[in-house]
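Engineer: Sequence and predicted structure are below.
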Amino acid sequence: MDLAFFLRGLLIGFSIAAPVGPIGILAIRRTLTLGRWAGLLTGLGAATADALYGCIAGFGLTAISELLIDQAFWLKLVGGIFLCYLGIKTFMSQPAEAAAVDDQPAHLSRTHVSMAYLSMYASTVLLTLTNPATILSFAAVFVGLGLAQMGSNYLTASVLVAGVFCGSALWWLLLSSGANLLRRKITPQSLRALNRISGLILLTFGIIALSAKS
């Protein structure tokens, strides 16, 4: 029975993560410019946030869910501003500034590389958590599948949430691995164009988030 719930969680996590939005664009861009670990950790940040929202839906934490929905305006504001910042920063960055973290150039210390990875992971957790639509998606799916309000069965709820994380992480592994296959074929000119396109897309997502009605 626990395996069945794990597989359900796996499917839920994968299906919610799969649509390519701002996080997907960010993961692809980081993979192509900084390497496979940068893209994967970006995705794992989203998977972590998905698991947290899965906990809220799976354990029936309605008070937290209602609080997040009530604060949707401020969450959208923070997320929108952050997306705009990332968009502008990405648009303005030059290929030379994006030295491959995976290759760990001589001028980068191990501590510097670790902090860069941590920053990529943490920024994606924040971006995903500031999207109130995520908790609504999980709540709708859990209710539709009859999986909501399982807080009284902690083991089953935990297995379900673990499945959500693994399903989301699986999608990001596939996405970053696929993007990494193209990495060696990317030229400086292509990276410059990628920065411009990715920056504009992220900026557009940010503007949409800021202009959307709460």
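Structural biologist: Arrived safely.
Engineer: can you tell me the average pLDDT over stretch 125-138?
Structural biologist: Taken as a whole, stretch 125-138 has an average pLDDT of 78.
Engineer: Can you give me the end-to-end span of that stretch?
Structural biologist: End-to-end span of stretch 125-138 (CA to CA, to the nearest Å): 16 Å.
Engineer: Determine how far it lies from the middle of the whole chain.
Structural biologist: 9 Å (CA atoms, centre = their mean, to the nearest Å).
Engineer: mind listing what's buried in it?
Structural biologist: Using 16 or more other CB atoms under 10 Å as the test for burial, stretch 125-138 gives 125, 127, 128, 129, 130, 131, 132, 134, 135, 136, 137, 138. In this view, the C-beta of every residue, glycine as well, is placed from N, C-alpha and C.
Engineer: List just the nearest of those to residue 172.
Structural biologist: residue 128 (11.3 Å; CB to CB).
Engineer: The buried residues of stretch 125-138 into TSV, with extra columns for secondary structure and distance to residue 77?
Structural biologist: Output for the buried residues of stretch 125-138, formatted as TSV (DSSP: H, G, I helix; E, B strand; the rest coil; distance: CB to CB, whole Å):
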residue	secondary structure	distance to residue 77
125	helix	18
127	helix	13
128	helix	16
129	helix	13
130	coil	8
131	coil	12
132	helix	11
134	helix	16
135	helix	17
136	helix	17
137	helix	20
138	helix	22
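Engineer: any idea where the helices of the protein begin and end?
Structural biologist: Ranges of helices in the chain, per DSSP state H, are 2-17, 22-34, 36-58, 62-70, 72-92, 110-129, 132-144, 154-181, 188-211.
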